[in-house]
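1. just coords:
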């Protein structure tokens, strides 16, 4: 009962003050539930982590429409620097034997970055709960990229360039998966970027699968935003993929009205100025929705010498890390410059790189030197 009251207090606080203040309050509530201060108990805390898991056999229920987002939900947020990231683990391993290289990798490791979640997480509820819990214990906000929609990476796969092809096998499986993501976050602050490339690559699907994907993204937004502490952004590709007018229509069909906004340049290399222009055009067409930009690897802009589409996005040479992550962008409708793709982790098995998501030191060194 105490935890329920605390959750309601946190929800009310977030709606008024935003993430920055919510993290402070959330950390205090976490401590009181663990230590028993204020009438709580450690037993209540341990029960909380397991009792929130959805029943995999329960009927799927359509969530109610969430209230509109009227302000920047990231204002004042401290974003989570993951001490278990591949970059941090590699830098730590090098400190005693190659301090100079470790210092270079620290340029990546010391920045807050998103964590991609998909079918490689054998227990998505536990994975999300653990990641968000570590962020909360640090007094910061986790950023998650949900990447498991059926027929994932279909556009690239259609051109035999689908290094991240996969996703769940059915509509029901994804609906249950996203509810597990929601349950893992619980009522804690978190940022979720939904399904990179899913909307820009929509036309590569059959009409039936297009309708299913639009339904699933809208459902995911509504599920995740049942937590008022969650900021949810739909991936909108970048300016070199679809015109702003076309992307705006897709966002509307996918339920952007219920989201915090949309993301631009996720896991890509387009320059920030270009992304700002593109995002503003889309925003004007979707009711002034806010957006975030992935600046993780756009410091040198796109690879203009690419001879094929794949060469422009799959481990292109000579790219650099971009502007460090911040929620103070100086632009009233840009909620954050975020590092959604983790620099140094491969785009896929191209240009000599390992499989998508694996650490590739050669690329990491290119980004930071």
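-> Cool, the structure landed. Owing to the predicted nature of the structure, the values given are computational and were not obtained by experimental measurement. Numbers count the residues shown, from 1 in each chain.
2. now do the contacts for residue 268.
-> For residue 268, the set of contacting residues under the criterion of C-beta atoms under 8 Å, 6 or more residues apart in numbering consists of 238, 294, 297-298, 302, 313, 341. In short, each C-beta sits where N, CA and C put it, glycine included.
3. how close does it get to residue 152?
-> According to C-beta to C-beta, to the nearest Å, residue 268 and residue 152 sit 16 Å apart.
4. how about residue 303?
-> The value you get for residue 303 to residue 152, if C-beta to C-beta is used, is 24 Å.
5. for the protein, which segments are assigned as helices?
-> 2-17, 19-35, 42-51, 86-94, 99-109, 124-137, 154-158, 171-185, 207-224, 244-253, 272-285, 309-313, 361-368 (DSSP state H).
6. quick one: buried residues of the fourth one?
-> In this case it means helix 86-94. The neighbour-count check on helix 86-94 (16 or more other C-beta atoms under 10 Å) flags 86-88, 90-91, 94 as buried.
7. make JSON lines out of the residues you listed and add pLDDT and distance to residue 100.
-> Converted to JSON lines, the buried residues of helix 86-94 look like this (pLDDT from 0 to 100; distance: C-beta to C-beta, whole Å):
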{"residue": "86", "pLDDT": "98", "distance to residue 100": "19"}
{"residue": "87", "pLDDT": "98", "distance to residue 100": "16"}
{"residue": "88", "pLDDT": "98", "distance to residue 100": "17"}
{"residue": "90", "pLDDT": "98", "distance to residue 100": "14"}
{"residue": "91", "pLDDT": "98", "distance to residue 100": "11"}
{"residue": "94", "pLDDT": "98", "distance to residue 100": "9"}
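8. now flag whichever of those residues is closest to residue 366.
-> Closest approach between those and residue 366, by C-beta to C-beta: residue 87, at 13.8 Å.
9. what bridges to the residue nearest the centre of the chain?
-> Most central residue of the chain, judged by C-alpha distance to the mean C-alpha position with C-alpha atoms, centre = their mean, is residue 145 at 2.9 Å. For residue 145, the beta-bridge assignment (DSSP bridges) gives partners residue 116, residue 193.
10. gap between it and residue 195?
-> According to C-beta to C-beta, residue 145 and residue 195 sit 8 Å apart.
11. shaky segments in the stretch 1-150 of the chain?
-> Confidence mapping of the stretch 1-150 of the chain against pLDDT under 70 gives the ranges 1-50.
12. 90 instead?
-> Low-confidence segments of the stretch 1-150 of the chain, defined by pLDDT under 90, span residues 1-52, 70.
13. now residue 355. Nearest residue, chain neighbours left out?
-> If the residues on either side of it in the chain are set aside, residue 355 comes closest to residue 349, at 5.7 Å by C-beta to C-beta, 6 or more residues apart in numbering.
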